[in-house]
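> Provided below are the primary sequence and the corresponding predicted coordinates.
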Amino acid sequence: GAVVSQHPSRVICKSGTSVKIECRSLDFQATTMFWYRQFPKKSLMLMATSNEGSKATYEQGVEKDKFLINHASLTLSTLTVTSAHPEDSSFYICSASFRRRAYEQYFGPGTRLTVT
Amino acid sequence: ELKVEQNPLFLSMQEGKNYTIYCNYSTTSDRLYWYRQDPGKSLESLFVLLSNGAVKQEGRLMASLDTKARLSTLHITAAVHDLSATYFCAVDQNTGTASKLTFGTGTRLQVTL
């Protein structure tokens, strides 16, 4: 149980375009979803936290207008990277938690974004 | 600001040997997590430690938490090649209804024959 999926697993886009990444909780209702970014050989950095039906809370230094997060339902959150640049190339990982086990996050498989 | 440090950053060890990875954090927390990450993959949850003195074991790995010292350890017993991966600890800053994880720097473990 507690499976999280992400789509796509890999995406290549041209500089200046936007790309959307989906994160779904497959067998539970996620009250909270999280988005992380990981650069090569580095640790995970939390970008934002979102609760269903409310605006995401962004971490300091993360541009909310560039990384649009929508958590429209209890099973789906999306991250849109707008006007992507090569420095946005990274591994994006989402996670989700649910109320009864709010202390534990279940991680998706990640999306590797390459901006050319 | 919560800081989470792991050491060593890189560990090369022979099969059959024992070693410990350390995770130090800078502010009070009762929740600490250990994850494994294989190259190109996402995180696999290893241990969830929720109180002072918690000790959990799975196979050749054992994790413990000392909240007073703000220290967690991940002990590897009789390492095997399959344990080669990067290991992250993460500390939960939020004691409310949702967690907020700050990850350590990671320890890349290489087990050699």
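In hand now; what should we look at? Predicted model only: the values in this text are computed from it and were never measured. Numbering: from 1, shown residues only, chains lettered A, B, ... in the order given.
> for chain B, what are the nearby residues on chain A?
A:31-32, A:34, A:42-46, A:49, A:51, A:93, A:97, A:99, A:102-110, A:112 (CB under 8 Å from any CB of the partner chain). Using the backbone N, CA and C atoms, a C-beta is placed for each residue, glycine as well.
> the same query, at a cut-off of 10 Å, please.
Listed as neighbours of chain B in chain A under the rule CB under 10 Å from any CB of the partner chain: A:2, A:4, A:6, A:9-10, A:31-32, A:34, A:36, A:38, A:41-46, A:49, A:51, A:57, A:59-60, A:91, A:93-95, A:97-99, A:101-112.
> which residue is nearest the middle of chain A?
When chain A is reduced to its mean C-alpha position, the closest residue under CA atoms, centre = their mean turns out to be residue A:35, at 3.6 Å.
> can you tell me the strand partners of the strand or helix carrying it and which way each runs?
Taking DSSP states H and E as the definition, one finds residue A:35 inside strand A:32-38. For strand A:32-38, sheet partners with direction are given as strand A:44-51 (antiparallel), strand A:90-97 (antiparallel), following DSSP bridges.
> which residues does residue A:44 bridge with?
Assessed by DSSP bridges, residue A:44 has beta-bridge partners residue A:38.
> and for it, the neighbour number?
26 (other CB atoms under 10 Å in any protein chain shown).
> mind checking pLDDT for it?
Predicted confidence (pLDDT) at residue A:44: the value is 96.
> surely it touches residue A:37?
Yes: at 7.4 Å, residue A:44 and residue A:37 qualify as touching, with contact defined as CB atoms under 10 Å.
> residues shared between the contacts of these two?
With contacts taken as CB atoms under 10 Å, 6 or more residues apart in numbering or on different chains, residue A:44 and residue A:37 have A:91, A:93 as neighbours in common.
> I am finished for the moment; much appreciated.
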